[in-house]
Every structure is written in C-alpha cells, then in structure tokens.
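Trainee: Quick one: sequence plus predicted model below, questions after.
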Amino acid sequence: CGYIQDSTIDKIDQIHIINQFNYAFQEKTNEITSDEEDFIVKIYNSGSFFDDNEISEDVREHIFKKIADFPKIKEVVIESRVDYITNEKLNKMKNILKNKYIEVAIGLETVNDYIRNRYINKGMKFKDFLDAIHLCKKNDVGIRAYLLFKPPFLNEQTAIEDCVNSIQKLAELKINTISINPLNIQKNSLVEYLFYQNRYRPPWFYSLFKCLLKACKDNDILNSVRIISSPSGAGTKRGIHNCLKRDCNEFMINALEEFVLTQNINSLIKNDSNFS
C-alpha cells in the first residue's frame, strides 16, 4: 500500500469533500442527462466511505441525494472496510437511493485468513467478511470483493491456487462482483524493498489468465458472478507483465479488457499459448 505517501495529517473539513464531489459531479451532469446510455457512479475515496471520520453522515446523505436525482444513474459503488458497515448505514443509503443497484466493495484480498493477515497485514478475519455479506443481503445491497493477486511471499503457482480458491469460494457465497487486483509495486513499501532485493516479481499475465481459466472452467460461475480486473501499472516492470515486450503486454491487456466486457472466458485464449 502506498497511500501513506498520499495522505494528509491535517484535518479535512467536510465542506471540502462536498465541494469536491459537487465539482466532479457537475462536470458529468450534462453527459449523464444527454447520453442515451445508463451510468454507474463509483466513489473511490481510497479509504472507507462508511467511516464517519473520513466521510461524515451529512456528507454521505448529500452525495446520495445528488445521485438519487438522476434516473439514468442505475448503479452506485462505494467501498469500505467491514468495520464500518452497519445495518443503520446500509438502510439509510438504500432508502435514499431507492431502486438503484448498490454495491459495497470490500478489500477481502483472499479467503485465506493466514495469507490475509500474515502476508498482507489486513487485520480482518473471513468471518468479518461473512458478517458484512449478511448485513448487505439483509438490506438488498450487492457485494463486490477485491482479491489481491500474488501478494508478497507467495510464488507464482501458489498465487494462482490461492486466487482460484478465493474465486470459487466467493461464487459459492453468491457474491455479486469479484474484482481481481494484481499487485503493483508502490514506492517506499515493503514490496518495493523485496523487489529491489530480487525477492519479489509482479505476477505474469499468463498466471492471471491461467487462474481465471481454472476458476471459471465451470461456466456457471460467470452466469452468477461478474469478474472484473483493471490492473494498475499493467505492462510495466512494477505491474503485472510478461516479458517487457510492448506487443506481448498490449495483447494481454486487450484480451483481459475483452473478457471483462464480455464475461466470455474464450477472450483469454485467443493465442497459441496453452493456459489450461
């Protein structure tokens, strides 16, 4: 995680957050009202949207009411740690946004408690995630689970097996969306230290594709859960890549984008490689 470099130690007034949201939303208002397509609003505050110390109740209510006024916005995505997800907050959000589809995104990283807490230092148990699922389903709110592909201290094969296991377990739990995030190396992080020591390499595209093909060999999974991935730093030495040849990585990036858009696993095998 590199957010410590982007954070401020100064207190941020809530009016600043409201102004920031209003400015960004106003920039898109004309497009939303004039375009024939429907829209999704994703609010990524690089933290927990339900943490009152980050986003107050009044600010959340302001944001929800703004979004509720636009019928063409059909879906809303926010993210939060499980610690801050409560029945009261979900209920209030649902009451304001009414019939819009809502997803709460949670950084689960893996279904394996040992990997999550020993290797990633997440400070969260799988049981906490299950409790959050229960609350969301109770309030007719969808769940988006973030999975971290190839955390530190895992080799390539173990990373594949861990992610496959996580995808299949989440599919059994009827999670709405699974977002797979291949690890990318942030400055001044432990992973960067390991990278410079030649003790960590970002994952290969081949590994991610092999993981998806293995996890989705039962096509019913893609009929019940949406699987997405938009890797940061893809094709660079600090992000997911194969060799550093531009054509190779661009091909893989395009194949992954096609898979995300179509949810067709065949998008990942349009070359001579055998991933199965």
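Mentor: Good, I have the coordinates.
Trainee: what stretches of the stretch 1-150 of the chain score poorly on pLDDT?
Mentor: Applying pLDDT under 70 to the stretch 1-150 of the chain picks out residues 1-4, 6.
Trainee: Show me the helices in it, by range?
Mentor: With DSSP state H, counting those that start in this stretch as the criterion, the stretch 1-150 of the chain has helices at 14-34, 57-68, 87-97, 113-114, 126-138.
Trainee: Select, out of those, the one closest to Val104.
Mentor: For those, proximity to Val104 was assessed by Cβ to Cβ; helix 126-138 is nearest, at 5.8 Å. (C-beta placed from N, C-alpha, C; glycine too.)
Trainee: how far off helix 87-97 does that closest one point, in degrees?
Mentor: Angle of helix 126-138 versus helix 87-97, following axes from the mean of the first three to the mean of the last three Cα atoms, to 10 degrees, is 40 degrees.
Trainee: Can you tell me what sits against helix 126-138?
Mentor: 82-83, 85-87, 90, 104, 106, 108, 111, 113, 116, 142-143, 145, 173, 175 (Cβ atoms under 8 Å, 6 or more residues apart in numbering).
Trainee: And for stretch 217-224?
Mentor: Here stretch 217-224 has contacts from Ile167, Gln168, Ala171, Lys174, Ala215, Cys216, Ile227, Gln263, Asn264, Ile265, using Cβ under 8 Å, 6+ apart.
Trainee: How about stretch 235-246?
Mentor: 149, 182-185, 195, 202-206, 208, 231-234, 248-250, 252-253.
Trainee: which of those count as buried?
Mentor: 149, 182-185, 195, 202-205, 208, 231, 233-234, 249, 252-253 (16 or more other Cβ atoms under 10 Å).
Trainee: Go through those residues and flag which are in strands.
Mentor: Phe149, Pro182 (DSSP state E).
Trainee: In helices, which of the buried ones among the contacts of stretch 235-246 fall?
Mentor: Per DSSP state H, helices hold the following members of the buried ones among the contacts of stretch 235-246: Phe195, Phe205, Leu208, Asn249, Met252, Ile253.
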